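**Student:** Sequence first, predicted coordinates after that:
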Amino acid sequence: MSGPVLVPGDTCWAIDPTEKTGVLYDARDYYRAFYRAARSAQRFVCLMGWQFDSVVHLLRGEDVADADGPVELVSFLDDICSRNPDLHVYVLAWDFNLVYAMEREWFQKWLFDWKTSERVHFEFDSKHAIGGCHHDKMAIVDGWLAFAGGIDFALHRWDDRAHACQNPLRHDPSQEPYPPYHDVQAFFTGAPARRLTTRFAERWQVACGERIVLPHVPGTAESLELPGAQVLSTDRVAIVRTHAARVAPAAPPVREIRQLYVRAIQEAERFIYIETQYFTSKAVLDALVARMRETERSKLDIALVIPERAEAVKEEIAHGLRQALFVRALCAEAERTGHRIGFYTTRPRADEAQMQELDGERPDCTYIHSKVLVVDDRLFTLGSANLTNRSMGLDTEINVAWEARSPDDEALACDIREARLSLMTEHTGLDAAEVRALFGEPRALVARLDQLCDRDDARVERFDPTTIFDEAPLRMDPPDLALDPERPLIEEDIWEELEHGAKSPFAAGVAAIDKLLSTRHDSAA
């Protein structure tokens, strides 16, 4: 890379010193890490997320043997407060849109309030741009340890790294099984955890009108036990954000995640590895196309691991057709420019008995919920932000990033490579030694993944961009659908008017609406 990708105030919020940081793979490892950390909390635990379910089990199977109390989320939070009279737990959940009403736990605030100590505080947060949502997911313990990534404390998230075709532990409270599910979460101690503590307190005050005091309690990295975690050899970590403009209280838009992706793609020299739930971001598409069209630079291998299909029809409508068009456009661009690009999904293998139980149907693919970018084994970011327009400008998101900037960072570069290989081992189902032999040096990354797609012993498969709309009599043009916007319709214009000297939010709103109507009139003319 010609220069650093992570630049505070541009492609990240800040780069903070940390005593210990790394990655937790899948919800089994994250949930049990959180369970241990929260059990030892002295003063506070803060949880922020897109979705919470009071009955989700944090520990399952053999992990329950390590528990000395309840493992169900709401009971666990009550238990840790009952054991420690100085402890407070704050849970801040997105006040979800009615579109999700049938998918969410009913009377959730009542459940958290009624079934727990008065020191467990649950609130919904609706203070965001019109059409947006709070999509960031984090947990903070005593302002010293924090987790951030793609994993919510919600149903249908728990799985282990085997992603078995059938797992008796992978079911909801009604004992209904659900398909394999993949995600990742970062952890870090010290200054970046304190930074997120401040962010949480600010969000709580905006959402609830209540100022909370979250006293920092120092911990020691040596005492931190996180089974299954990969520790990264670095003493710094970057926090990267998205949030839309806010009028009351006034705050400018922040698009650090968008800028990070664009800059990282521009700087790529050898390969780009991506995991994402959706791929509909016009900014990322344009960045990839622009990099591929730089004829004087090296040819790239670009590999994307995505779900076989959306979880629900509404998501297929919002993202499916646009994603299919983007996939086809990038494949055509790669063919024209000589770059190599591949889109993949991953499916567990079933033995004969399992195939009989499935009545001859193929097992469900592992649902990819992770949001990961690795560039040249020098830059690694993960978090809550999908490659959608919304995640780049409208919704509230948090990512974490690490960068090996110089020869002094070779240990970190090696660890980033190990993280990539670990993910590829998980997705291909091959043993670690073969994955290392195939992908340790990422030359011919796409060609080797394509070869694996034809092997019976590998889980990886080529992604099929066909959507439910391909044969529909009425075709929809994705740019005309207002389901995945990158910016709010009016709030950002109001912010700009305030920034340019409007005397009040009301005056700014009038000016913004007038500007919007004028723009539409000019377009129509």
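**Tutor:** All right, it came through fine.

**Student:** Neighbours of the closest residue to Leu73 other than its chain neighbours, how many?
**Tutor:** Distances taken as Cβ to Cβ, 6 or more residues apart in numbering place Val56 nearest to Leu73, at 4.9 Å, with adjacent residues excluded. Bear in mind the C-beta positions are built from the backbone N, C-alpha and C, glycine included. Counted by other Cβ atoms under 10 Å, the residues lying close to Val56 total 24.

**Student:** same deal with Asp66?
**Tutor:** Neighbours around Asp66, by other Cβ under 10 Å: 13.

**Student:** That one and Leu59 touch, don't they?
**Tutor:** Yes: with contacts counted by Cβ atoms under 8 Å, Asp66 reaches Leu59, the gap being 7.1 Å.

**Student:** picking that back up, residue contacts, the residue nearest to Leu73?
**Tutor:** By Cβ atoms under 8 Å, 6 or more residues apart in numbering, the residues touching Val56 are Glu72, Leu73, Phe153, Ala154, Leu155, Arg157, Trp158.

**Student:** That one and Ala433, how far apart?
**Tutor:** Per Cβ to Cβ, to the nearest Å, Val56 is found 35 Å from Ala433.

**Student:** can you check His427 too?
**Tutor:** Distance from His427 to Ala433, counting by Cβ to Cβ: 16 Å.

**Student:** Looking at those two, which is more packed in?
**Tutor:** More neighbours surround His427 than the other of His427 and Ala433, with 24 against 9 (other Cβ under 10 Å).

**Student:** Please, which helix or strand holds the nearest residue to Trp158 once chain neighbours are set aside?
**Tutor:** Spatially, and ignoring its direct neighbours in sequence, Trp158 is nearest to Ala27 (4.6 Å; Cβ to Cβ, 6+ apart). Using DSSP states H and E, Ala27 sits in helix 26-39.

**Student:** Same question for Ala413.
**Tutor:** Secondary structure assigned from DSSP H and E places Ala413 in helix 410-428.

**Student:** Leu382 now?
**Tutor:** strand 379-383.

**Student:** May I have the strands that pair with that strand, each with its orientation?
**Tutor:** strand 372-375 (antiparallel), strand 397-403 (antiparallel) (DSSP bridges).

**Student:** quick one: contacts for Tyr367?
**Tutor:** Contacts for Tyr367 (Cβ under 8 Å, 6+ apart) come out as Pro179, Pro180, Tyr181, His182, Pro307, Glu311.

**Student:** my bad, should have said Trp50
**Tutor:** If you count contacts by Cβ under 8 Å, 6+ apart, Trp50 has them with Ala93, Trp94, Phe96, Cys133, His134, His135, Asp136, Lys137, Asp152, Ser384.

**Student:** quick one: it and Arg263, what's the gap?
**Tutor:** According to Cβ to Cβ, Trp50 stands 26 Å off from Arg263.

**Student:** and if you look at Ser281?
**Tutor:** The spacing between Ser281 and Arg263, counted by Cβ to Cβ, is 14 Å.

**Student:** Comparing these two, which residue is more hemmed in?
**Tutor:** Ser281 (29 against 20).

**Student:** what about Asp408, which SS state?
**Tutor:** helix (DSSP: H, G, I helix; E, B strand; the rest coil).

**Student:** between Asp66 and Leu59, what contacts are shared?
**Tutor:** When contacts are counted by Cβ under 8 Å, 6+ apart, the set common to Asp66 and Leu59 consists of Arg32.

**Student:** picking up where we left off before, export the helix holding Ala27 to PDB, keeping only CA atoms.
**Tutor:** Only the C-alpha atoms of helix 26-39 are listed here, as PDB (Å, rounded to 0.1, in the frame of the first residue of the first chain):
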ATOM      1  CA  ASP A  26     -19.200 -17.100  15.500                       C
ATOM      2  CA  ALA A  27     -21.700 -16.600  18.300                       C
ATOM      3  CA  ARG A  28     -20.600 -19.600  20.400                       C
ATOM      4  CA  ASP A  29     -17.200 -18.000  21.100                       C
ATOM      5  CA  TYR A  30     -18.700 -14.500  21.400                       C
ATOM      6  CA  TYR A  31     -21.500 -15.400  23.800                       C
ATOM      7  CA  ARG A  32     -19.300 -17.400  26.100                       C
ATOM      8  CA  ALA A  33     -16.700 -14.700  26.100                       C
ATOM      9  CA  PHE A  34     -19.300 -12.100  27.000                       C
ATOM     10  CA  TYR A  35     -20.700 -14.400  29.700                       C
ATOM     11  CA  ARG A  36     -17.400 -14.700  31.400                       C
ATOM     12  CA  ALA A  37     -16.600 -11.000  31.100                       C
ATOM     13  CA  ALA A  38     -20.100  -9.800  32.300                       C
ATOM     14  CA  ARG A  39     -19.900 -12.300  35.200                       C
END
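
**Student:** so after it, what's the next helix or strand?
**Tutor:** Counting by DSSP H and E, what follows helix 26-39 is strand 44-49.

**Student:** Tell me which helix or strand comes right after that following strand.
**Tutor:** helix 73-83.

**Student:** mind listing what whichever helix or strand comes after that next one pairs with, with the direction of each?
**Tutor:** Scanning forward in sequence from helix 73-83 by DSSP H and E, the next helix or strand is strand 88-94. Next to strand 88-94 in the sheet, as set by DSSP bridges, lie strand 44-49 (parallel), strand 120-125 (parallel).

**Student:** Return the distance of strand 88-94 from the chain's centre.
**Tutor:** Here strand 88-94 is found 19 Å from its chain centre; the criterion is Cα atoms, centre = their mean, to the nearest Å.

**Student:** What's the mean pLDDT across that strand?
**Tutor:** Strand 88-94 shows a mean pLDDT of 96.

**Student:** Touching, Asp364 and Pro179? I think so.
**Tutor:** Yes: using Cβ under 8 Å, Asp364 is in contact with Pro179, at 3.6 Å.

**Student:** For the residue nearest in space to the middle of the chain, which residues are in contact?
**Tutor:** The centre of the chain sits closest to Ser384, judged by Cα atoms, centre = their mean, with a distance of 2.4 Å. Listed by Cβ under 8 Å, 6+ apart, the contact partners of Ser384 are Trp50, His135, Asp136, Lys137, Ala148, Gly149, Gly150, Lys371, Ser391, Glu397, Ile398, Asn399.

**Student:** re earlier: select only the buried ones of the contacts of Tyr367 in PyMOL?
**Tutor:** To isolate the buried ones among the contacts of Tyr367 in PyMOL, judged by 16 or more other Cβ atoms under 10 Å, type:
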select buried, resi 179+180+181+182+307
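
**Student:** Just the closest of the contacts of Tyr367 to Asp125, please.
**Tutor:** Taking Cβ to Cβ as the measure, Asp125 lies nearest Glu311 of those, at 23.1 Å.

**Student:** Surely Pro488 and Ala245 touch.
**Tutor:** Yes: in this structure, Pro488 is within contact of Ala245 by Cβ under 8 Å, at 6.9 Å.

**Student:** intersection of neighbour lists for the two?
**Tutor:** Common neighbours of Pro488 and Ala245 (Cβ under 8 Å, 6+ apart) are Ala129.

**Student:** Let me see the domain layout of the protein.
**Tutor:** 14-231, 252-462, 490-524 (automatic domain parsing).

**Student:** Out of those, which is closest to Leu483?
**Tutor:** Closest to Leu483 of these is domain 252-462 (Cβ to Cβ; 3.9 Å).

**Student:** What is the end-to-end distance of that closest one?
**Tutor:** Terminal residues of domain 252-462 lie 41 Å apart, using Cα to Cα, to the nearest Å.

**Student:** Equivalent analysis for stretch 213-223, please.
**Tutor:** End-to-end distance of stretch 213-223 (Cα to Cα): 25 Å.

**Student:** Which positions in it come out as buried?
**Tutor:** Leu214, Gly219.

**Student:** Kindly report the same for stretch 6-26.
**Tutor:** 6, 11-16, 18-26.
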